[in-house]
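1. generate a structure from the sequence data that follows.
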Amino acid sequence: MVDQHLVDVIKKLQAESKQRKFLESVELAVNLKDIDLTNPKNRLQEEIMLPNGRGKPIRVGVFASSEMAVKAKGLADLIIQPEEIETLASDKAKARKFARGGDFFLAEAPLMPTIGKRLGVVLGPRGKMPKPIPPGSDPKAAIEKLRSSVTVRTRDKKTFHLAIGTKDMSPEKLAENLDAVLKRLMTKLERGKNNIHSAYVKTTMGPSYKVM
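-> Numbers count the residues shown, from 1 in each chain. Model (predicted):
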């Protein structure tokens, strides 16, 4: 059962945020403490699956050879075959546009070294390096999982933000997503809850509400 406190905070956020001309995301801001993020091994980079999804379409790209490309057709938003990697890498503006066009990427494992060498400079800093999957496998389950996932990435800053859904989702579903993220963070931080100084939720353009 989801913590009623989280449900109440979400209800307050939804009731008090102004109506906008676009669908606002609901975001979580986390402030860490007592952790040295200048040391890369202490940084977080996790994909967390939200039990109720993101509330909006998430674009997934797949780097795939012919067999997997066929399987990914109609499932993935972008399909990049091996011969296209060099074409993308040779045009920096096109490569940057490509990176912006996907929220997550998958790749057949044998393609990972080439992707890292040719597109790593574009995908890496954006936290969008592909997740490897076995050659010729069915990417359906991996694609569906990523469509309901959110990335936690701290870099060297103790404050980070991530979306947990959209304002039109029910308070209970948003609270469940929020709970899932907080619990996952606590398992990944060395001192668990004691590494979290505070956490707030807000809509894209609205005020913040403290959850812990």
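2. domain-wise, how is the protein divided?
-> Using automatic domain parsing, the domains assigned to the chain come out as 4-55+148-210, 60-146.
3. helices of this structure, start to end?
-> 4-16, 66-72, 82-89, 92-100, 112-123, 140-147, 171-188 (DSSP state H).
4. give the buried residues for the second one.
-> It refers to helix 66-72. Neighbour-count burial for helix 66-72, counted by 16 or more other C-beta atoms under 10 Å, picks out M68, A69, K71, A72. C-beta: built from backbone N, CA, C; applies to glycine.
5. with the last one instead?
-> Neighbour counts over helix 171-188 (16+ other C-beta under 10 Å) mark 171, 173-182, 184-185 as buried.
6. pLDDT (mean, whole number) over it?
-> Averaging pLDDT along helix 171-188 gives 96.
7. could you give the angle of that helix to helix 4-16?
-> Helix 171-188 and helix 4-16 meet at an angle of 130 degrees, taking axes from the mean of the first three to the mean of the last three C-alpha atoms, to 10 degrees as the criterion.
8. which outside residues touch helix 171-188?
-> Helix 171-188 has contacts (C-beta atoms under 8 Å, 6 or more residues apart in numbering) with 2-3, 6-7, 9-11, 14, 26, 28, 30, 44, 46, 48-52, 150, 152, 162, 164-165, 192-193, 196, 199, 201, 211-212.
9. please save the CA atoms from it in CSV.
-> Written as CSV, here are the backbone C-alpha positions of helix 171-188 (Å, rounded to 0.1, in the frame of the first residue of the first chain):
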residue,chain,number,x,y,z
PRO,A,171,-2.8,11.0,-7.1
GLU,A,172,-2.6,7.3,-6.2
LYS,A,173,-0.7,6.3,-9.4
LEU,A,174,1.7,9.3,-9.1
ALA,A,175,2.3,8.5,-5.4
GLU,A,176,3.0,4.8,-6.3
ASN,A,177,5.6,6.0,-8.9
LEU,A,178,7.1,8.3,-6.4
ASP,A,179,7.3,5.6,-3.8
ALA,A,180,9.0,3.2,-6.3
VAL,A,181,11.7,5.8,-7.1
LEU,A,182,12.4,6.7,-3.5
LYS,A,183,12.7,3.1,-2.4
ARG,A,184,15.0,2.3,-5.3
LEU,A,185,17.2,5.3,-4.5
MET,A,186,17.5,4.1,-0.9
THR,A,187,18.7,0.7,-2.0
LYS,A,188,21.4,2.3,-4.3
